[in-house]
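>>> pasting a predicted model and its sequence here:
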Amino acid sequence: MDKLKEILMRNPDLDVNWKNGGEGDTALHIACQNDRASVVSILLDHPDIDVNTINSFKRSPFLVACRMGGISCVRLLLKDSRVDLSHGGFTPLFWAASADQIGVIKWWIASGKEMDLGQPGDKCADGIGVAKEKRRTEVVTLLERFKENAKDTRKAMRLESSWYDDAAADMFALVVFVSDELLYVKSTPTAPEARFFDITRRLPLDLQMMLCFRLVGSGKEIISGKDSEVAFKSLAKRLLWSSFFAN
């Protein structure tokens with residue numbers, strides 16, 4: 001990521017919205033397609049970035065992220081007020097529902113940002129309709145629940161997502177402790193770190209990586225202006241202590 005920052009810094013006239021000759025994708029499209037949240041974060045900070053640019057298939061970066069299930073990228077884009085969440089043509093929610101991206105939809109609901117379910121029968125925007133057509137049972141249930149009571153559903157999704165925040169904090173802290181040789185991983189089942197690994201090792205690797213990314217994002221907000229390695233380690237150690245040894 002340092003290399004990307006250096007390229008952008010050394011080339012102020014670089015067209016950050018340049019589209020390739022194939023599908024007309026920009027760097028932001030490609031980063032969202034591959035769930036490269038760190039790249040998306042850097043690009044969003046660029047003063048000339050067009051967050052709503054569309055490719056040859058009339059898909060915006062946010063739509064691409066929703067369709068591909070890039071939860072980390074979706075979270076970043078949801079926080080950016082410039083992003084068009086509805087988009088012309090097929091909507092991001094339509095693609096997320098069609099592709100069974102339940103995780104994306106949960107984060108979207110939890111964010112509190114606008115979510116247009118579309119009108120029944122709308123071939124481009126009916127999220128519930130396409131989910132039923134594709135037999136995405138969990139998506140149908142969640143969207144119908146949201147339609148019936150948006151406030152309670154949002155609250156439930158936020159409570160559910162808090163577990164990821166806690167796990168991310170524990171994971172990042174544990175990594176720092178082990179890397180600093182302040183803690184050695186033990187095989188005994190009673191060791192605090194053993195209990196943590198027992199939870200996380202059952203998660204898919206991509207989810208584990210997402211948890212780490214979530215803490216980094218949260219950490220920058222908690223220690224605004226102090227995003228140095230020392231500050232992150234200090235935060236991580238504090239979180240590990242409270243998570244493992246409070247009881």
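Right, received. Where do you want to start? Numbering: from 1, shown residues only.

>>> okay, now residue 149: neighbour count?
The tally of other residues near residue 149 (other C-beta atoms under 10 Å) stands at 11. Quick note: C-beta positions are derived from backbone N, CA and C, even for glycine.

>>> repeat for the one 3 residues further on
Burial measure for residue 152: 11 neighbouring residues, criterion other C-beta under 10 Å.

>>> what pLDDT is listed against it?
Per-residue pLDDT puts residue 152 at 96.

>>> and residue 56, by the same measure?
pLDDT, residue 56: 94.

>>> next, the contact list for the closest residue to residue 18 other than its chain neighbours, please.
Leaving out its chain neighbours, the residue that sits closest to residue 18 by C-beta to C-beta, 6 or more residues apart in numbering is residue 26, at 6.6 Å. Applying C-beta atoms under 8 Å, 6 or more residues apart in numbering to residue 26 gives the contacts 16-19, 50, 53, 55, 61.

>>> by mean pLDDT, point me to the weakest helix or strand of this structure.
helix 205-222 (a mean of 47; mean pLDDT, DSSP states H and E).

>>> which residues of this structure score low on pLDDT?
With pLDDT under 70 as the threshold, the chain has low-confidence stretches at 1-2, 162-247.

>>> show me the domain layout of it.
When the chain is parsed into structural domains using automatic domain parsing, the resulting residue ranges are 2-148, 162-244.

>>> can you give me the helices in the chain?
Assigned by DSSP state H, the helices in the chain fall at 2-10, 27-33, 37-44, 61-68, 71-78, 92-98, 102-111, 127-133, 137-148, 150-179, 192-200, 205-222, 229-244.

>>> what's the second one packed up against?
So that's helix 27-33. Here helix 27-33 is seen to pack against helix 37-44, helix 61-68, helix 71-78 when contacts are counted using 3 or more C-beta pairs under 8 Å, 6 or more residues apart in numbering; DSSP states H and E.
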